[in-house]
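**Student:** Have a look; sequence and predicted model below, questions after that.
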Amino acid sequence: MGGELLDQVAGASAARWGALLSAPFVGSFLGVVVRRLPEGRPIAWVRSRCECCGAALSAWDLVPFCSWLASGGRCRYCGHPLGWFYPAIEFSAFAVALAAIAADSGEKIWLDCCFGWWLLALGWIDVRRWLLPDSLTLPLIIAGLAGAVAFDPEQLTDRALGAALGYLSLRAIAVLYRGLRNREGLGHGDAKLLAASGAWVGAMALPQVVLGAAVLALFTAACLRLAGVRLGAGSALPFGPFLALTTWLIWVLGPFLI
């Protein structure tokens, strides 16, 4: 009995440390995905290069946080400023791991992290490119349903219904908005992302996802106005990041909210 308890404690500790140590490297990889995937560029098996001078980057240039700090945020070869993108996404991936560790234990930490990192990539791409690629949203729907089959079969019906309702509801709103305003308000990608949300958190949680995303979007718009950004009736914000964040928070915090 004591040996089993020690094994469980050791396994939980390994999951925590593994998630924390791997998070910055995952964040660095997500940065590559966010930059290259929308442009159709290869993601794997291609050397990373400076976006300005094209110099091939060494392994030392790719160490999360450390490389950026050591070079002063500039390319070591041409001196061009690298910007905050990579340290920001690496820190975000680390924050996902911290939140997962605070909310769960054992192997569930890895599931929380993988889901959060996936949504992080989607949200960041939408911010940069106003795009939610099918190559990320559609596999996320399948992964949510597959997870229900493997770990929570009694939830499969609710999750399948959530995926269907998530897609159909946003598509209906988008069609209605286009008919009333004669312009696009929500894209197909938003509907597919909400379908992925339903596949993970279930149909019952969809109203919370949409409401939470809308509140976050309104709060962001208010902050932009206070910061001096002019927003008018024709202004728009990408909705994907708010859907992604709300979905993940409900997934992680769901047990504490029931």
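**Tutor:** Yep, that arrived.
**Student:** Name the residues of stretch 73-93 that come out as buried.
**Tutor:** The neighbour-count check on stretch 73-93 (16 or more other Cβ atoms under 10 Å) flags 75-77, 82, 86-87, 89-93 as buried. Every C-beta, even on glycine, is put in place using the N, C-alpha and C of the backbone.
**Student:** err, stretch 216-233, not the other one
**Tutor:** 216-217.
**Student:** Make 32 the starting number, not 1.
**Tutor:** Okay, using 32 as the starting number, the last item reads as stretch 247-264.
**Student:** Figure out how far it is from the centre of its chain.
**Tutor:** Once both centres are worked out by Cα atoms, centre = their mean, to the nearest Å, stretch 247-264 turns out to sit 22 Å from its chain's centre.
**Student:** Need the residues that contact it.
**Tutor:** For stretch 247-264, the external contacting residues (Cβ atoms under 8 Å, 6 or more residues apart in numbering) are 266, 268, 270, 273, 276-277.
**Student:** In JSON lines, list the buried residues of stretch 104-124 along with distance to Ala174.
**Tutor:** Listed next are the buried residues of stretch 104-124 as JSON lines, based on distance: Cβ to Cβ, whole Å:
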{"residue": "Cys106", "distance to Ala174": "36"}
{"residue": "Arg107", "distance to Ala174": "38"}
{"residue": "Tyr108", "distance to Ala174": "39"}
{"residue": "Leu113", "distance to Ala174": "32"}
{"residue": "Tyr117", "distance to Ala174": "26"}
{"residue": "Pro118", "distance to Ala174": "28"}
{"residue": "Ile120", "distance to Ala174": "21"}
{"residue": "Glu121", "distance to Ala174": "23"}
{"residue": "Phe122", "distance to Ala174": "25"}
{"residue": "Ser123", "distance to Ala174": "20"}
{"residue": "Ala124", "distance to Ala174": "18"}
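**Student:** between these, which is closest to Ala203?
**Tutor:** Among those, Ser123 lies closest to Ala203 (Cβ to Cβ), at 32.3 Å.
**Student:** what's that closest one in contact with, if anything?
**Tutor:** Neighbours of Ser123 in contact, by Cβ under 8 Å, 6+ apart: 58, 151, 155.
**Student:** and it, how far is that from Ile204?
**Tutor:** Per Cβ to Cβ, to the nearest Å, Ser123 is found 29 Å from Ile204.
**Student:** cool, and Asp135?
**Tutor:** For Asp135, the distance to Ile204 - Cβ to Cβ - is 33 Å.
**Student:** Look at those two and report which has more neighbours.
**Tutor:** When neighbours are counted by other Cβ atoms under 10 Å, Asp135 and Ile204 differ, and Asp135 comes out ahead with 19 against 16.
**Student:** Can you tell me the element the residue nearest to the more buried one when sequence neighbours are not counted falls in?
**Tutor:** Counting by Cβ to Cβ, 6 or more residues apart in numbering, Asp143 is the residue found nearest to Asp135 once chain neighbours are left out, at 5.6 Å. Using DSSP states H and E, the element containing Asp143 is helix 139-160.
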